[in-house]
Each structure stands twice: as structure tokens, then as C-alpha cells.
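Novice: Just a sequence and a predicted model for now, questions to come.
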Amino acid sequence: MATNTVTQTVVVTNPVTQAVYEQVLSRNPGEPEFHQAVKEVLDCLGPVLNKHPQYLKAKILERLVEPERQLIFRVPWQDDNGEIHINRGFRVEFNSALGPYKGGIRFHPSVYLGIIKFLGFEQIFKNSLTGLQMGGAKGGTDFDPKGKSDSEVMRFCQSFMTELYRHIGPDTDVPAGDIGVGGREMGFMFGQYKRIKNAFEGVLTGKGLEWGGSLVRTEATGYGLIYIMDELLKDNAKSFDGLTVSISGSGNVAIFATQKVQQLGGKVITLSDSNGFIYDPDGVNLDTVKQTKLVERKRIKEYVSIHKNARYTEGCSGIWNVKCDVALPCATENELDRHAAEALAKNGCIAVAEGANMPCTPQAVDVFHSNNMLFVPGKAANAGGVAVSGLEMAQNSQRVFWTFEKADTELKNIMTTIYKNISQAAQEYDCPGNFVAGANIAGFIKVANAMLAQGLV
Ligand code: NDP
Ligand code: 2IT
């Protein structure tokens, strides 16, 4: 079904959702990212509540915005010079209606409770959309892995897990990676968990392939993003072949999104890190990026010393001024604002999908919708990562190891189903083409029904 006209974001004025939102503001002061994530969901639910008044009586919304459990803990560690540092660790176990708590761990100096709550809240609906049995959670710390030695990162991970281990388990809560947490960190955390618990079990996902990991988990978020975009483009009689694509970030999600776009015949012309962005009119050379970012852990600006036609610009915001057909923000929250969205619209960009969690501000999303641009929100578009995490859990439970082809086919099927479900929900609730509403509604209904069935817990 081609969607030519996108219905604007749904009502804000429902008195019930408004009251819940105001309560969230007053009970969670100083957490703007959490407020933003909650508001986006609540703003879409008015029509659902009209159709299902049973959710109101059971106070589903009021329960949903209150995490089931929030853990904050001290993480002491020693650097290579013997100096002691104290960081703060978090795990917010938000909702377990659909399965064990599931969601990544972020290592970044900007982490505080509000960031973890926003990410944990998003994760509830994202995990619901995958169709797998996973509740929503998120964890993290304000530790900055940049510039730290491998030994320092190991000591930090061991200290972090020395507290976290008692709260998690393969049927309780299963963390994974996120910003600043990749294969190296998963290894150190898994090793410490195993040592303390004396149990080799599927307590983390994104593990190494030799010790319980799944093929395709590394690629999953980026590949999944392109699979869902490909469905959307097909539905609008287009394909990636020959399109110019602008991607931000140069981490796990950005790199594997780039790889899949290139496989489908598209040209990726930008990538970035927190210092600035590169523009390569010839198309980004992914071998150079992988060597620079994944192997050498250097800055993206190094790229231009090898590729002479490429240009580096200090600062990130200008990346969205580069003319492109498709824009995929894959770095961090609120990295694409109204001005950036206007620049994309003016330059003829036809579609945007969020590889990162909440990278587009609400004002940017309004610009996309009012310009009839196709837009897929993160909780649908980047669900491929957690989906393959769910598949890793399934393989661990059965003590089996799937081929790349099997895991990749399952990922593709899940992303196609997510696209169908969010499109259908948007249709059913009279906002065809509005995938923000479609994703929030489809994700919410499953969680709400499970909560109703499980009684007042
Ligand atoms: P990585 O740590 O691998 O890469 C993050 C990238 O984003 C780096 O290029 C980093 O630059 C950049 N970045 C991080 N913080 C900022 C910032 N404040 N301003 C500008 N750039 C920044 O993380 P991922 O690729 O795994 O995660 C990227 C996004 O995708 C996040 O929003 C994450 O929550 C989301 N996500 C990740 C999934 C996964 O499976 N990994 C699954 C679903 C969503 P620098 O190196 O300078 O810090
Ligand atoms: O934001 C996310 O979905 C992730 N960081 C991945 C979570 C997971 O459990 O794989």
C-alpha cells in the first residue's frame, strides 16, 4: 500500500493521557529525555483508549510509566596508575509483561537516570514489536571508555558486574550492548558473571561466537534498519539502488547500516562521530572506517587523510545539510532537530529512519510529517538488534547455533512483520502512513493486554 499523505501526529489533548503526562513530569523532575519519550507514546494513545476503556480502569498507563524496579549502584575501579575512580551504575527494569527484562547497557559520560529511563521505556514497545518474549529494560554508567586502556576497561567491567550480577539472569534480565559497549566489554562482563555465579548461561546477548553468541547479532541493528527501510521504499515503488544516503555516527549501527545500503546498490556519503562528520562524494569506503573506528579506535577525521576527495567538518549538526535521498541518524538522541529536518526537506530527502534511539526531536518529526516525508521511528526501525538478541536467547536455551543465513532470514522476516504491523495499526487508528502512531499503538496494545491478563502487579 503506497502512502502518499501522512496524517500528522495524533491528539495531545486527551485529558487522561495529559493527566498521566503531568504526573510523570512532577514525579520525575529533571529528566527531559524520559519526559520526551513518554509524551511521544501518550500522544498516540487517545484513540486506543477510546476503543479499549478497560485499559483506563486498570490504570495501565499509570503503571506503564512507573518502572518495576530501578537500581543505582556504586562502581569503584582503579586506573593503570593505581588511582581510584568512582562511577555510577544503573539498571532500570521497566516492564516484564512480555518476558524477561531485556535491553542494552550504555557506557557514556552523559548517562544519568533520566537517559536510562528514556531508553528503558522505549525498549518496552520496541521489544513488543519484535513479537518475541522480552520485557523492557536498560542499563548503563557515566564511565567514559574513550582513552582508557583495555586493562582499565576490564577492571571497570568487572566492578560493574560485581554488583549487577545479583539482579540479572537468563530468565530474569538479559543485558546487551549499546553506546560504548561492544564485543570487548561483553566479554569482560560475561567472564566476571560466570566467575561469580559459577554458571555458563545466556545472561547477556551480543556474546562472542565461540562462547554463546549468535551470528548476525553484530550486524543486526544496522541490517534491520535497512531491511525495514527497503520494505517501505518498495511500498512506495522505490528501492535503495542508486539512492544517496546520509548516515550519522560511525559505531556499530552506522557501520552495518552502511554495509547493507552498499550491498543494495545505494551510496552512503556521510558518517560522523561526536567531534565532526565526513562527506565522501565517491561513497564511503567501509574498510577504512572499520579499520579506523573498530580496530584502531581512532576518530572519524582520520578518514580524510586516506581518501583525498572526502572532506571533514568539525561539529556534527551540519551533516544534515548535505543533500541526500535518505537520512539515517545512527549516533545518539536528539541529534537531528527542526532546522536539520527543514534542511533535509528542502534538499529533497524522501525518507528518514532512526537507527539510534530518539535521534530526531519531536519538532523534526513534525517537519517530516508536514512535508509528507516517509519516517520510521527508532522503536520500529532499530528493533533488529534486540530481535537478534532474542534469537540469541532462543539459541542459548536450546544449546544450538544457527547459520548466518538462518539468523539473517529470521531478522528479515521480523523487520517485514514489524513494518506490516505498524502500517496496519496506523491504518486502523485513522492515521495511515504515520508510523510513529502505528509503532506506539501496535507496541502498546500487546503490553497492555498482557498486563491486564496478569492482574494488578
Ligand atoms: P557505538 O558506541 O558503537 O557508536 C556510537 C556512535 O555515535 C559513535 O560514532 C559515537 O561517536 C556517536 N555518538 C555517541 N554519542 C554521541 C553524541 N553525544 N554526539 C554525537 N555523536 C555521538 O553505539 P551504537 O552504534 O551501538 O549505538 C548508536 C545508537 O543506536 C544509540 O542511540 C543506541 O542506543 C542505538 N541502538 C543501538 C543498538 C545496538 O544493537 N548497538 C540497537 C538499537 C539502537 P564517538 O565515538 O565520538 O562517541
Ligand atoms: O537499544 C537497543 O535496542 C539495544 N541497545 C539493543 C538491546 C538488546 O538487548 O539487544
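Specialist: Arrived safely. Ligands and ions are numbered 1, 2, ... in the order given.
Novice: Okay, and the beta partners of the residue of the stretch 101-250 of the chain found nearest ligand 2?
Specialist: Going by C-beta to the nearest ligand atom, ligand 2 is nearest to G104 of the stretch 101-250 of the chain, at 2.9 Å. From N, CA and C alone the C-beta is placed, and that goes for glycine too. Bridge pairing for G104 (DSSP bridges) gives the partners A176.
Novice: The top strand by length along the chain vs ligand 2: in contact?
Specialist: The single longest strand within the chain, with elements called by DSSP state E, is strand 84-95. No - Strand 84-95 stays clear of ligand 2 (C-beta under 6 Å from any ligand atom), getting no nearer than 12.4 Å.
Novice: For whichever strand or helix holds T17, buried residues please.
Specialist: Assigning secondary structure by DSSP states H and E places T17 in helix 15-27. Buried residues in helix 15-27, counted by 16 or more other C-beta atoms under 10 Å: 16-18, 20-21, 24.
Novice: cool, and stretch 82-99?
Specialist: 87, 89-99.
Novice: Just want the residue of the stretch 51-200 of the chain that's nearest ligand 1.
Specialist: Closest point on the stretch 51-200 of the chain to ligand 1, by C-beta to the nearest ligand atom, is I179, at 4.1 Å.
Novice: Touching, that residue and I105? I think so.
Specialist: No - I179 is beyond contact range of I105, at 9.4 Å (criterion: C-beta atoms under 8 Å).
Novice: Of those two, give the one with the bigger neighbour count.
Specialist: I105 (30 against 25; other C-beta atoms under 10 Å).
Novice: Could you list the buried residues of stretch 314-323?
Specialist: So, applying 16+ other C-beta under 10 Å, buried residues of stretch 314-323: 316, 318-322.
Novice: Mind checking the pLDDT average for that stretch?
Specialist: Mean pLDDT, computed over stretch 314-323, is 96.
Novice: and if you look at stretch 287-296?
Specialist: pLDDT averaged over stretch 287-296 gives 96.
Novice: That stretch near ligand 1 anywhere?
Specialist: No - applying C-beta under 6 Å from any ligand atom, one finds stretch 287-296 out of contact with ligand 1, separated by at least 7.0 Å.
Novice: on that earlier part again, what score does the residue of the stretch 51-200 of the chain closest to ligand 1 have for pLDDT?
Specialist: 98.
Novice: residues contacting it?
Specialist: 106-108, 251, 332 (C-beta atoms under 8 Å, 6 or more residues apart in numbering).
Novice: In those, which residue is surrounded by the most others?
Specialist: Ranked by neighbours (other C-beta under 10 Å), the contacts of I179 are led by F107, which has 26 neighbours.
Novice: how would you label the nearest residue in space to M415 that is not next to it in sequence: helix, strand or coil?
Specialist: Leaving out its chain neighbours, the residue that sits closest to M415 by C-beta to C-beta, 6 or more residues apart in numbering is Y227, at 4.0 Å. Counting by DSSP: H, G, I helix; E, B strand; the rest coil, the backbone at Y227 sits in helix.
Novice: centre of the chain versus stretch 417-435, how much separation?
Specialist: The chain centre lies 20 Å from the centre of stretch 417-435; the measure is C-alpha atoms, centre = their mean, to the nearest Å.
Novice: That one vs ligand 1: in contact?
Specialist: No - Stretch 417-435 lies out of reach of ligand 1 by C-beta under 6 Å from any ligand atom, never closer than 13.1 Å.
Novice: Repeat that for stretch 120-134.
Specialist: No - if you take C-beta under 6 Å from any ligand atom as the test, stretch 120-134 misses ligand 1, and the best it gets is 7.8 Å.
Novice: now, which of the buried residues of stretch 314-323 sits nearest E40?
Specialist: Among those, W320 lies closest to E40 (C-beta to C-beta), at 20.3 Å.
Novice: before we move on, the earlier item: which other helices and strands contact the longest strand of the chain?
Specialist: Contact partners of strand 84-95 among helices and strands, from 3 or more C-beta pairs under 8 Å, 6 or more residues apart in numbering; DSSP states H and E: strand 69-78, strand 101-107, helix 113-130, strand 136-141, helix 150-164, strand 173-176.
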